[in-house]
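Q: sequence below, structure please.
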Amino acid sequence: MQLRQSATEHGQLWQGLMQTLNLGEADLSSALLQWHGIVTINDTQWANVKLPDIELTSPQKASPSVLPMLMLGDQLLMLSEDPWSPQATLALSRSRQPSIKLALARPGQSALLTSLRPTSPSGTSSKTALMTQVTVDNSPVVKFVDDAIIQAYRDGASDIHFETSRSGMSIKYRLDGVMAAGGSLNDPQRSEEVVSRIKVMAQLDITERRRPQDGRIHWSRTGHDTIDLRVSIMPSIFGEDAVLRLLDKAQLRHSQQSISLDVLGFDTNLAETIRSLASRPHGLLLITGPTGSGKTTTVYAALSEVNDGLEKIVTIEDPVEYELPGVLQIPVNEQKGLSFATGLRSILRHDPDKILVGEIRDAETAEIAVQSSLTGHLVFTTVHANSLFDVLGRFQHFGIEPFALASALNGVVVQRLMRKLCQHCTVWRDPTQTERAKFAELHLSLPEQLPVAQGCMQCRSTGYRGRFVVAEVHVLTDVVRDLMVSRATMSELKKTVYTAPSNRLLEQAIAKVQQGATTFEEVIRVIGLV
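A: The predicted structure follows:
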């Protein structure tokens, strides 16, 4: 009973038992059947599930319980989301069928069973047929999804987009920050089955098509590496779209065992400054940038480098994207009341030295993070903002007093990811008159020649292969803190912060253009000429 209570704290009982007992699906199924007589039905077996005969479920012969019943082969089962509940045990004791057993409903199975309706003389149903298509390993639907994941993994994509349309479905991959076309299906029915397959893999409700759903997939196939994916399902006018995010620990598979700032490609001087900020005894270190700029990976790298085992490190993340040895990592669970704010409050009672808050999203989290850094903890966190000045504006919007933020903040890392030119096909050209005028307007030194992303077989005809980071690292001085407290104007702050032009992202990016690392067009796309 205590184990059941502990498991239900994690949400759905099946997932809670796996997490509490630290068992895989097969081992948990075997243990439940051997020790408790409780059956579990996996995705492949579900394709063979049928409703019992009408005579069997008549009022005279059926159990008086309201538990749904099903047939798996010649075995009669009663499906329950909690087989240890009083309702389930009472239904089993009152059943007149001596061979009936209780089955633990896995995510979505209760809804599937109630939707089963015979549509042919053989007693099969559209739902049963759908489950057959989306669970049998050699079906075209399963192969389509698996091939998309394998292709994305091999190409180093960060996301897979399954986009539905009137005629079917197309796949797009996010490669080096931009979209690239993949395969397609010219069959609306098959497209629906693809989304259902993704839902089954992520243990989502395949009968729910009107609301967004989020989940996670631990993908593993013989002959391939294991891949963790974050899943987002979104309704659209033509059905549902799905986006699968390949988490960073999969993308860093060819790097060193432990992630570091050097592996990520930071300039040597910038990396040393970040290490210095990450080694301070207390304060707040912020990593900022737009979505997809590598903030989470950078904060992991900084934390990993100071993880020497001498201090207690606790993180709260949504989700946990990269496993750090010796670190207590807590996943956010909004449905169970575990938000960044509530989790951070509990973390402070867990005797931490360093704390990682995955993202500051609201005023409550911002306030607790600032107070934590002022009471002797070193706090690492990320904020969605475009510059140091936007960060200050975000905290002002959260209602944080300027004096408290100025006292807590050690430094801010503002970063972007830019596509790297393919070294197999790069060519050079003379600057145009418009580009000459723009460089003069911005007081930038104009290179004699500019590189061009021509495209070849090595880079999928894009002209780019891989990405690198450019970053501003701002260490807060007393002068900057005074300006923050006095609510100085933007121009005053910029004049003080950018004492050397080379500190700015734009100057760093232009220097990369001069070196032939990227193009002027990529600078405009990622950073802009401001």
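Q: distance from stretch 162-174 to the middle of the chain?
A: Chain-centre distance of stretch 162-174: 20 Å, with CA atoms, centre = their mean, to the nearest Å.
Q: how close does the spatially closest residue to residue 191 that is not a sequence neighbour get to residue 21?
A: Among residues not flanking residue 191 along the chain, residue 169 sits closest, at 3.7 Å (CB to CB, 6 or more residues apart in numbering). From N, CA and C alone the C-beta is placed, and that goes for glycine too. Residue 169 sits 38 Å away from residue 21, going by CB to CB, to the nearest Å.
Q: where does residue 125 land on pLDDT?
A: Residue 125 is assigned a predicted lDDT (pLDDT) of 51.
Q: show me the helices in the stretch 351-500 of the chain, by range?
A: Applying DSSP state H, counting those that start in this stretch to the stretch 351-500 of the chain gives helices spanning 363-374, 388-397, 402-408, 433-441, 478-485, 490-497.
Q: follow-up on the earlier one: who has more neighbours out of residue 169 and residue 21?
A: Legend: neighbour count by other CB atoms under 10 Å for residue 169 and residue 21, higher for residue 169 (25 against 14).
Q: was I right to think that one contacts residue 185?
A: Yes - contact criterion CB atoms under 8 Å: residue 169 and residue 185 qualify, at 4.5 Å.
Q: which ones are touching the residue nearest to residue 191?
A: Residue 169 makes contacts with 162-163, 184-185, 190-191, 194, as judged by CB atoms under 8 Å, 6 or more residues apart in numbering.
Q: who does it form a beta bridge with?
A: Beta-bridge pairing for residue 169 (DSSP bridges): residue 164, residue 185.
Q: check what pLDDT it gets.
A: With respect to pLDDT, residue 169 scores 94.
Q: kindly provide the distance from it to residue 342.
A: 39 Å.
Q: same question for residue 412.
A: Per CB to CB, residue 412 is found 26 Å from residue 342.
Q: do residue 298 as well
A: The gap separating residue 298 from residue 342 is 26 Å, by CB to CB.
Q: those two: which is more packed in?
A: For residue 298 and residue 342, the more surrounded residue by other CB under 10 Å is residue 298, and the numbers stand at 23 against 18.
Q: so which residues of the stretch 301-450 of the chain form strands?
A: For the stretch 301-450 of the chain, the strands defined by DSSP state E, counting those that start in this stretch cover 313-317, 328-331, 354-357, 378-384, 409-421, 427-429, 450-452.
Q: out of these, which comes closest to residue 276?
A: Minimum separation from residue 276 across the strands of the stretch 301-450 of the chain (CB to CB) falls at strand 409-421, 8.6 Å.
Q: and the angle for the closest one with helix 490-497?
A: Angle, strand 409-421 to helix 490-497, by axes from the mean of the first three to the mean of the last three CA atoms, to 10 degrees: 80 degrees.
Q: which helices and strands sit right next to the strand or helix carrying residue 194?
A: Using DSSP states H and E, the element containing residue 194 is helix 188-201. Applying 3 or more CB pairs under 8 Å, 6 or more residues apart in numbering; DSSP states H and E, we find helix 188-201 packed against helix 126-135, helix 140-155, strand 159-164, strand 169-175, strand 213-219, strand 227-236, strand 239-246.
Q: indicate which one of the ones you listed is closest to residue 387.
A: Nearest to residue 387, of all the helices and strands packed on helix 188-201, is strand 169-175, at 24.0 Å by CB to CB.
Q: out of the contacts of residue 169, which are buried?
A: For the contacts of residue 169, a burial check counting by 16 or more other CB atoms under 10 Å picks out 162-163, 184-185, 191, 194.
Q: where's the residue nearest to residue 191 relative to residue 512, distance?
A: 38 Å.
Q: what about stretch 205-221, how long is it end to end?
A: End-to-end span of stretch 205-221 (CA to CA, to the nearest Å): 23 Å.
Q: what residues sit buried inside that stretch?
A: Residues of stretch 205-221 classed as buried by neighbour count (16+ other CB under 10 Å): 205-206, 213, 215-217, 219.
Q: closest one of these to residue 284?
A: Using CB to CB, these come closest to residue 284 at residue 216, 29.6 Å.
Q: that closest one contacts residue 319, doesn't it?
A: Yes - the pair residue 216 / residue 319 is scored as a contact, 6.7 Å apart, by CB under 8 Å.
Q: which residues do the two both contact?
A: Listed as contacting both residue 216 and residue 319 by CB under 8 Å, 6+ apart are residue 230.
Q: just to revisit the earlier point, and the helices and strands packed on helix 188-201, which one is worst for confidence?
A: helix 126-135 (a mean of 55).
Q: mind listing the shared neighbours of residue 169 and residue 185?
A: Counting by CB under 8 Å, 6+ apart, the common neighbours of residue 169 and residue 185 are 191, 194.
Q: one step back: quick one: which of the helices of the stretch 351-500 of the chain is nearest residue 355?
A: Closest among the helices of the stretch 351-500 of the chain, using CB to CB: helix 363-374, at 6.2 Å.
Q: what angle do that closest one and strand 378-384 make?
A: Using the same axes, to 10 degrees: helix 363-374 against strand 378-384 is 150 degrees.
Q: residues in contact with helix 363-374: which ones?
A: Contact with helix 363-374 is made by 282-284, 339-341, 344-345, 348, 355, 357, 360, 379, 381, 395, 398-400, 404-405, 407-409, as judged by CB under 8 Å, 6+ apart.
Q: kindly report the same for stretch 320-330.
A: Applying CB under 8 Å, 6+ apart, the external contacts of stretch 320-330 come out as 247-249, 252, 259, 296-297, 300, 303-304, 307, 309, 312-317, 331, 338, 343, 347, 350.
Q: how about 6 Å then?
A: Stretch 320-330 is contacted from outside by 247-249, 300, 304, 309, 313-316, 331, 343, using CB atoms under 6 Å, 6 or more residues apart in numbering.
Q: measure the residue minimising distance to the centre of the chain to residue 300 for me?
A: The residue lying closest to the centre of the chain (CA atoms, centre = their mean) is residue 230, at 4.6 Å. Distance of residue 230 to residue 300, computed by CB to CB: 16 Å.
Q: also residue 33?
A: Separation of residue 33 from residue 300 (CB to CB): 40 Å.
Q: quick one: which of those two has more around it?
A: Taking other CB under 10 Å, residue 33 and residue 300 do not tie; residue 300 has more neighbours (28 against 14).
Q: helices and strands of this structure: which one bottoms out on pLDDT?
A: Here the helix or strand of the chain ranked lowest by mean pLDDT, DSSP states H and E is helix 248-251, holding a mean of 49.
Q: now the element after that helix, going C-ward?
A: Toward the C-terminus from helix 248-251 - assigned by DSSP H and E - lies helix 261-264.
Q: can I get the strands of the stretch 301-450 of the chain in TSV including mean pLDDT and distance to residue 489?
A: Shown next, in TSV, are the strands of the stretch 301-450 of the chain (pLDDT from 0 to 100; distance: least, CB to CB, whole Å):
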stretch	mean pLDDT	distance to residue 489
strand 313-317	92	36
strand 328-331	90	40
strand 354-357	93	30
strand 378-384	94	22
strand 409-421	94	19
strand 427-429	91	41
strand 450-452	92	36
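Q: among those strands, show me which one is buried the most.
A: Ranked by mean neighbour count, the strands of the stretch 301-450 of the chain are led by strand 354-357 with a mean of 26 (mean count of other CB atoms under 10 Å).
Q: name the residues that touch it?
A: 303, 311, 313-316, 347, 369, 377-381.
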